[in-house]
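S.K.: I'd like to go over a predicted model; first the sequence, then the structure.
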Amino acid sequence: MIAAVAACVPPNDSAEARTRRVIDRCAGCGHCRELMDDSSCRFMPELYRLVDREAADGEPISSLAMKRLLALCTNCGICPCAPVHTWINEARDGFVARDGLPAALRLIENVRLVGRVGGAMPRLANLLVGDGALARGVKRVIGIHPARRLPRFPRDGFSAWARQRGLFRAPQTSGRKVAYFAGCSARYYFPEVAKATVEVLQKNGVAVYLPEQKCCGMPTLLEGDRAFTFDLARFNVAELARCVAAGFDIVCSCPSCGHLLKTVLRDGAQYSPDYRALVEAMADQAHGDMAEVSARLARDDAAFTGRANGRSAHGRQPWLLGMVSWKVFSDQGYFASIDGLPRLRVANHCYDLGEYLAELDDAGELCAELGPVSGKMAYFAPCHQRQQGIGQPWMGLLGRVPQIDLRQVGDDFDCCGQGGIMGFKKAFHETSQSIGARLADQLAAAAPERLLSDCLSCRVQFEQMLPFEVFHPVEILRESYRNYRHDRLPQSLASVAPGPAVAAA
Ligand code: SF4
Ligand code: SF4
């Protein structure tokens with residue numbers, strides 16, 4: 001049997017060889033065999049089923065079975081190994097590079113283009129994505145499941161609103177200023193989220209700039225469209241690195257954009273040739289004192305904007321810098337073919353919106369003019385927010401809202417199952433729903449009046465599966481700021497509860 005399997009191993013960099021690398025690693029480790037049993041993951045159970053069948057029958061796992069296996073991964077990050085996440089993506093890229101993507105998929109993965117075109121003529125576009133016969137025909141042609149509810153195009157988009165407020169001009173200020181990476185979902189489909197983000201930041205005295213930006217690349221990465229993903233990433237890295245050099249923090253209201261810019265871009269960058277050269281030059285000057293190199297890198301990082309995010313400190317630890325100079329490791333990150341220094345510059349200065357506001361709060365700089373917000377609420381912390389390792393900033397921030405009735409629902413093993421545009425596809429619709437069922441059941445049991453999540457893919461999925469209204473937490477914070485004036489009336493003040501009712505999962 002082993003000989004049969006070995007004989008079928010394809011040439012080294014084929015899509016099958018890349019998939020085999022994932023299978024062998026996870027089969028050899030075995031940790032996720034049980035760990036993923038009670039989770040949303042559909043990939044690991046299928047991987048172990050294929051491995052067990054191969055061992056029993058001696059029949060090698062076929063190329064088609066591998067391709068189907070890869071299609072089950074939503075990049076939720078519930079499984080613990082970052083290299084495995086990268087290898088799954090690279091294996092998917094391999095299949096797409098060889099077999100191509102259907103033309104219709106190439107259209108809908110271009111979320112920005114669809115959003116811009118649809119937003120320019122929302123009446124017509126909404127006919128095409130609605131519930132009528134025309135929309136059913138469009139779904140059939142494009143390969144979207146007939147039961148899928150698609151987001152509608154708003155009539156009052158974010159870009160015109162932003163232009164009226166001068167957000168496309170870089171503000172001149174010595175105070176806090178952010179380059180807002182709005183992401184395609186907030187910008188083109190859910191503009192209230194982008195508007196609330198700007199309002200809340202400005203309420204806190206932060207100047208907001210909307211730089212040139214393209215899709216973060218997460219939807220195309222999930223589809224295995226490597227060339228397109230790299231085009232997007234190269235543009236965004238150059239533009240955002242320019243913003244950092246001009247003193248802007250980068251803020252994302254979308255956790256998937258934030259995960260890609262903070263985590264996926266950073267992955268491996270400390271072993272890139274250009275970063276290694278910088279560390280070696282600094283080490284020479286510091287006579288090999290890596291603690292001094294670490295302190296100097298921290299000063300250099302802070303010099304741009306006055307701060308860098310929590311993750312940046314991890315990469316500057318002296319022992320890690322020592323490993324950088326040993327030349328033992330190389331940059332194996334997904335974006336390894338983009339220079340490491342600008343990747344790190346962007347990653348180190350990028351903040352999730354909740355993380356940024358929580359830092360303001362910790363510094364005693366968060367505007368406390370918060371009024372009461374009513375309604376029973378349930379909050380789900382999305383996968384790509386959890387992967388940023390920033391704790392639960394929104395639970396803390398919303399805990400400051402008077403009279404709030406909020407509890408956290410879902411845990412580290414939950415995923416909504418949407419996976420960018422994956423959930424729209426006819427072939428993935430049922431799987432997407434089954435992945436999300438574990439979480440949807442918990443949310444249904446919580447029976448909130450309002451459902452909160454910072455991820456707009458989660459929002460799309462919740463609107464598909466559940467009867468509750470869905471909001472981004474920043475919309476609740478904006479509502480609270482807007483309610484402050486009423487809160488100051490004597491009778492309202494008397495009714496404000498002394499402490500927030502907030503419960504973690
Ligand atoms: S993802 Fe990591 S922990 Fe899980 S089985 Fe694979 S190698 Fe083991
Ligand atoms: S990233 Fe998520 S879906 Fe993919 S293998 Fe890991 S746990 Fe499963």
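M.R.: In hand now; what should we look at? Ligands and ions are numbered 1, 2, ... in the order given.

S.K.: confirm that V470 sits in a helix.
M.R.: No - residue assignment for V470, taken from DSSP: H, G, I helix; E, B strand; the rest coil, gives strand, which places it outside any helix.

S.K.: would you agree it is in contact with L456?
M.R.: No - V470 lies out of contact with L456 (C-beta atoms under 8 Å); the separation is 9.1 Å. For glycine as for every other residue, the C-beta is placed from the backbone atoms N, C-alpha and C.

S.K.: between those two, which is the more surrounded one?
M.R.: For V470 and L456, the more surrounded residue by other C-beta atoms under 10 Å is L456, and the numbers stand at 25 against 21.

S.K.: list the contacts of that one.
M.R.: Applying C-beta atoms under 8 Å, 6 or more residues apart in numbering, we find L456 in contact with G183, S185, A186, Y189, F190, V193, C254, H472.

S.K.: show me which residues of this protein sit near ligand 2.
M.R.: Listed as neighbours of ligand 2 in the chain under the rule C-beta under 6 Å from any ligand atom: C41, F43, M44, C73, T74, N75, C76, G77, I78, C79, H85.

S.K.: now the fourth one, nearest residue through space, not along the chain?
M.R.: So that's C73. Taking C-beta to C-beta, 6 or more residues apart in numbering as the measure, C73 lies nearest to F43, with 4.4 Å between them; neighbours along the chain are not counted.

S.K.: can I assume that neighbour is in contact with L72?
M.R.: Yes - in this structure F43 lies within contact range of L72 using C-beta under 8 Å: 4.3 Å.

S.K.: between the two, which one's more packed in?
M.R.: Under the neighbour definition other C-beta under 10 Å, F43 and L72 were set side by side, and F43 has more, 24 against 19.

S.K.: ok, Q385 - contacts?
M.R.: By C-beta under 8 Å, 6+ apart, the residues touching Q385 are P255, G258, H259, D352, G354, D454, C455.

S.K.: residues near the residue in the stretch 151-300 of the chain that ligand 2 sits nearest to, how many?
M.R.: For the stretch 151-300 of the chain and ligand 2, the shortest gap (C-beta to the nearest ligand atom) falls at L222, measuring 10.2 Å. Other residues near L222 come to 21 when the count uses other C-beta under 10 Å.

S.K.: repeat that for the one 4 residues further on.
M.R.: Per other C-beta under 10 Å, the neighbour tally for R226 reads 20.

S.K.: over to R20?
M.R.: The local packing of R20 (other C-beta under 10 Å) involves 20 other residues.

S.K.: gap between it and T86?
M.R.: Here the distance between R20 and T86 works out to 15 Å (C-beta to C-beta, to the nearest Å).

S.K.: repeat that for Y379.
M.R.: Counting by C-beta to C-beta, the separation of Y379 from T86 is 30 Å.

S.K.: comparing these two, which residue is more hemmed in?
M.R.: Y379 (28 against 19).

S.K.: looking at the stretch 301-450 of the chain, what residue ends up closest to ligand 2?
M.R.: C415 (6.5 Å).

S.K.: give the contact list for the spatially most central residue of the chain.
M.R.: Nearest residue to the geometric centre of the chain (C-alpha atoms, centre = their mean): S256, 1.2 Å. The contact partners of S256, by C-beta under 8 Å, 6+ apart, come to G183, C216, M218, P382, H384, G420, C455, S457.
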